[in-house]
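**Student:** Below are the sequence and a predicted model for it; my questions follow.
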Amino acid sequence: MDTRELEQFFQTEWLSTVKECQEKIKDREDKRTVRSFRNYDDIVEHLINDLHEPLSEVVLRDLSMIRPRLIELRDFSDDFGRELGPRLDPSPFWGLMGLMVIAAAQMQEQGATHRVVQMLKKLSRDVEILRGYCSNDEPRSNKLKEAIFEIFVISTKLFADVAELLRDDDHFMRCNLAGQDVWKPLKNMIKVATRDIEESLKAMERTVTLSSNKAWLYSLMSPSPRTWKDDATLPCVMLPPARNAKFFNRDEVINRIEKHFNQPSCQAFRSLTLYGMAGVGKTHVAMKYAQTLSAAQKVSAVLWVEGETEMKVKQSFTDIARRLQLPNYVPHSHDDNRLLVLTWLQQTNASWLIVYDNVDSFEVLHSHWPNSAAKGHALITTRNTTLAYEPAETGIEVSAWDKETGSHFLLHLLSGHISADMLANEAKSALELSERLSGHALALARMGGVIHRRCWTIQELVEVYDRQPEFKHGIGPVWQISFENLNTYSSSLLSIFALCSADKIPQGLLEPEMPESLPKGLEWFADRENGYHQQGVDCLKRSLNIRVQEENGDEMEVSWAEHNLGEAYVTMGELDTAHYWFKRAAETWKRWAMTEPRGDKPEASPFQQMSMATCLLYMGNIQEARRALEPPLGDYLKTATENWTNAA
């Protein structure tokens, strides 16, 4: 069959598949839903980032796990529309997927969303294998096109079948009354689709020729690899320039990392994420752990990946291939070197640790993540809490220090530069500075550098800090004071560095304090879009999910996380949604107050009740706002006087 005939066949079969799937969707609103999701961006924007109805914590957590797995499906959909013919529209694939996920999220039966998410994760792994063949088959062979088409059709039909089942209320009622397994039909659907997809992959595997690159790919994907010789140069230790000479107070985190990696498991490949706000010391912890392993000769290879951007990840893998001296290493061929390194990680019997440092998103990481059959450990450092459970197994939060620990850290940093007598007299000033900087490790380290360069006392630095009134509540002065204390050449050089690699520069440094003073040609810079609210809500939802998942978590902390979401929605003007989150926060607080031991726990937070009353007032519910306000008013007026204005 030539190319034109094959494209005509694909078009005819696809139209037939779409018609068959559409006939399974009976409800008019569901049909409208299918039409509303046309691509990956629609799914992410309207289903994951912008949910229009309140859902349980379990469902929210399950939905948050979908996004990383959608990346492979997005690329798969692009291949379908681009490679198989100009008249193939992949939008029904996304529409039926969207309906399926919505139907699962709305189900009363527990576990529906989780089952759908697991199904999508399995499908994305199969697609990843198929797309591995695609990357080494240029131009696409007809066999490969047929495999892409077949798996795409199987997946689309599966989405339609699952959505139809989830909308069948009679089925669930009958099964519940009869005491039968309501999920048996779903299990059978997934089993049949999985079998058909695996048969397509096996057929594709048999057609792959054993050229050098394809042989690497085959060994990477095969559960029983072919003959392979480990020619890597070991031991190999790749770490950034040493910054741990003053490592301080993170032994507990190191112990938790060791406990995770050392605990018995049926999996050879183990992974862990260190997450937390920027500058708290995640990279230092990872470096210290890696150095400890290397010094004790517990691993043969310590590999470091710069994870800020996809290009840096690619360059890091090329550097790893060079340092390991892997056969067939090509200096500037990132794709070939990625495949070499991933193959080595899976096939070698040597012990290894790979660190992905400062990763912002799974999109940057997904094509450079070791296969599950690998035999080593992976450690991620990130500000993105979602990476704590995808792709990693779990995560550990690295928090800022309290003011006491922060002050000890500052004195520890200065111990080699200031006399012992002076340090003893500076303890109070160190505590004051640590409190101003919220125990932030990087900020304290920067201030220690200024003290050393200028030969100041800590008290003198506190006085300089306090002369920055516009930065009274935050660590902004850290960067300002540090920059002002550089000489002209250093500051100019830093500016050039920032221009070349600006992804680590705080945004606030690039925002003008006085927009009217901008030179001609840069006036546009002052025209900011008010687009940060939704990003803030997304971060708050991720934070709430982390709180909910914590073992032995504190429901009071969960209540405040829910309350913060309410505050965010008030800021956005979405008062109904804000009201929902305030009510939920109050219910969670009440559950916390009822737990043993009761002690003197208040049954409601006056501050939260004030926020609820304010929201009701904005909504025009004046009487309801009055009823919500009266109980906490007395307690609220017992707090600091600066709070009284809000009460008034």
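**Tutor:** Sure, I can see it. Residues are numbered from 1 along each chain as shown.

**Student:** Would you quantify the distance from the residue positioned nearest the centre of the chain to residue 239?
**Tutor:** In the chain, the C-alpha nearest the mean C-alpha coordinate belongs to residue 386, at 3.3 Å (CA atoms, centre = their mean). For residue 386, the distance to residue 239 equals 27 Å [CB to CB, to the nearest Å]. Every residue, glycine included, has its C-beta placed from N, CA and C.

**Student:** among the helices and strands of this structure, which one scores worst on average pLDDT?
**Tutor:** helix 212-221 (a mean of 47; mean pLDDT, DSSP states H and E).

**Student:** Mind jotting down where the strands sit in the protein?
**Tutor:** 236-237, 270-275, 301-306, 352-359, 377-382, 395-397 (DSSP state E).

**Student:** which regions of the stretch 351-500 of the chain lie under the pLDDT threshold?
**Tutor:** 416-424, 453-455, 468-487, 489-490, 493, 496-500 (pLDDT under 70).

**Student:** let's go with 90 and repeat that
**Tutor:** 360-367, 370-375, 383-394, 398-500 (pLDDT under 90).

**Student:** Which parts of it are helices?
**Tutor:** Here the stretch 351-500 of the chain has its helices, by DSSP state H, counting those that start in this stretch, at 362-365, 403-414, 420-425, 427-436, 441-454, 458-466, 476-484, 488-500.

**Student:** tilt between the longest one and helix 403-414?
**Tutor:** Yep, that's helix 441-454 we're talking about. 40 degrees (axes from the mean of the first three to the mean of the last three CA atoms, to 10 degrees).

**Student:** same thing with the fourth one?
**Tutor:** Between helix 427-436 and helix 403-414, the angle comes out at 120 degrees (the same axes, to 10 degrees).

**Student:** Could you dump the strands of the chain into JSON lines and include distance to residue 494?
**Tutor:** Output for the strands of the chain, formatted as JSON lines (distance: least, CB to CB, whole Å):
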{"stretch": "strand 236-237", "distance to residue 494": "30"}
{"stretch": "strand 270-275", "distance to residue 494": "27"}
{"stretch": "strand 301-306", "distance to residue 494": "19"}
{"stretch": "strand 352-359", "distance to residue 494": "19"}
{"stretch": "strand 377-382", "distance to residue 494": "24"}
{"stretch": "strand 395-397", "distance to residue 494": "31"}
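
**Student:** Quick one: closest of those to residue 574.
**Tutor:** strand 270-275 (27.8 Å; CB to CB).

**Student:** what's in contact with the closest one?
**Tutor:** With contact meaning CB atoms under 8 Å, 6 or more residues apart in numbering, strand 270-275 is reached by 253, 257, 260-261, 282, 285-286, 376-385, 387-388, 391-398.

**Student:** before we move on, what about stretch 278-286?
**Tutor:** Under CB under 8 Å, 6+ apart, the answer for stretch 278-286 is 240, 243-244, 247, 250, 253-254, 257, 274-276, 355, 357-358, 379, 381-383, 398-400, 440-443.

**Student:** now the end-to-end length of it.
**Tutor:** 14 Å (CA to CA, to the nearest Å).

**Student:** Only the buried residues of it, if you could.
**Tutor:** Buried positions in stretch 278-286, judged by neighbour count with 16 or more other CB atoms under 10 Å: 279-286.

**Student:** So which of those residues belong to helices?
**Tutor:** The members of these that map onto helices under DSSP state H are 282-286.

**Student:** Columns pLDDT on top of those residues, output as TSV?
**Tutor:** Shown next, in TSV, are those (pLDDT from 0 to 100):
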residue	pLDDT
282	90
283	89
284	88
285	91
286	93
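
**Student:** which residues touch the residue lying closest to residue 152 once chain neighbours are set aside?
**Tutor:** Of all residues not flanking residue 152 in the chain, residue 80 sits nearest, at 4.9 Å (CB to CB, 6 or more residues apart in numbering). For residue 80, the contacting residues are 88, 90, 93, 148-149, 152, by CB under 8 Å, 6+ apart.

**Student:** Tell me the spacing between residue 80 and residue 22.
**Tutor:** 18 Å.

**Student:** go on, residue 123?
**Tutor:** Residue 123 is 21 Å from residue 22, by CB to CB.

**Student:** Equivalent analysis for residue 231, please.
**Tutor:** From residue 231 to residue 22 the distance is 55 Å (CB to CB).

**Student:** Between these two, which is the more surrounded one?
**Tutor:** A count of neighbours by other CB atoms under 10 Å puts residue 22 above the other of residue 231 and residue 22, at 14 against 11.

**Student:** Is it correct that the residue nearest to the centre of the chain is in contact with residue 542?
**Tutor:** Yes. With contact defined as CB atoms under 8 Å, residue 386 and residue 542 form a contacting pair (5.9 Å).

**Student:** What number of residues are in the vicinity of the closest residue to residue 269 other than its chain neighbours?
**Tutor:** Nearest residue to residue 269 in three dimensions, chain neighbours excluded: residue 374, at 4.4 Å (CB to CB, 6+ apart). Neighbours of residue 374 under the rule other CB under 10 Å: 24.

**Student:** Could you pull up the residues touching residue 374?
**Tutor:** Taking CB under 8 Å, 6+ apart, one finds 268-269, 345-346 in contact with residue 374.

**Student:** Mind doing that once more with 6 Å?
**Tutor:** 269, 345-346 (CB atoms under 6 Å, 6 or more residues apart in numbering).

**Student:** how close does it get to residue 362?
**Tutor:** Taken as CB to CB, the span from residue 374 to residue 362 is 18 Å.

**Student:** How about residue 179?
**Tutor:** 41 Å.

**Student:** between those two, which one's more packed in?
**Tutor:** residue 362 (21 against 6).

**Student:** Settle this for me: that one is touching residue 68, isn't it.
**Tutor:** Yes. If you go by CB atoms under 6 Å, residue 362 and residue 68 touch, sitting 3.8 Å apart.

**Student:** Which parts of this structure belong to which domain?
**Tutor:** 3-218, 236-242+249-397, 414-482, 486-526, 533-639 (the TED database).

**Student:** ranking these by mean pLDDT, which is last?
**Tutor:** When the domains of the chain are ranked by mean pLDDT, domain 486-526 comes last with a mean of 60.

**Student:** So residue 88 versus residue 355, what's the distance?
**Tutor:** For residue 88 relative to residue 355 (CB to CB), the value is 42 Å.

**Student:** quick one: which of those two has more around it?
**Tutor:** residue 355 (25 against 18).

**Student:** any idea how far that one is from residue 387?
**Tutor:** Taking CB to CB, one finds residue 355 at 13 Å from residue 387.

**Student:** what about the closest residue to residue 603 other than its chain neighbours, neighbour count?
**Tutor:** The shortest distance from residue 603 to any non-neighbouring residue, by CB to CB, 6+ apart, is to residue 593 (4.8 Å). Number of residues near residue 593 (other CB under 10 Å) recorded here: 18.

**Student:** right, and residue 593 touches residue 605 too?
**Tutor:** No. Look at residue 593 against residue 605 with CB under 6 Å: they stay out of range, at 9.3 Å.

**Student:** with the ones in helices among the buried residues of stretch 278-286 in mind, which one is nearest to residue 561?
**Tutor:** residue 282 (21.4 Å).

**Student:** now the closest one, nearest residue through space, not along the chain?
**Tutor:** In space, residue 282 is closest to residue 381, 4.0 Å off (CB to CB, 6+ apart).
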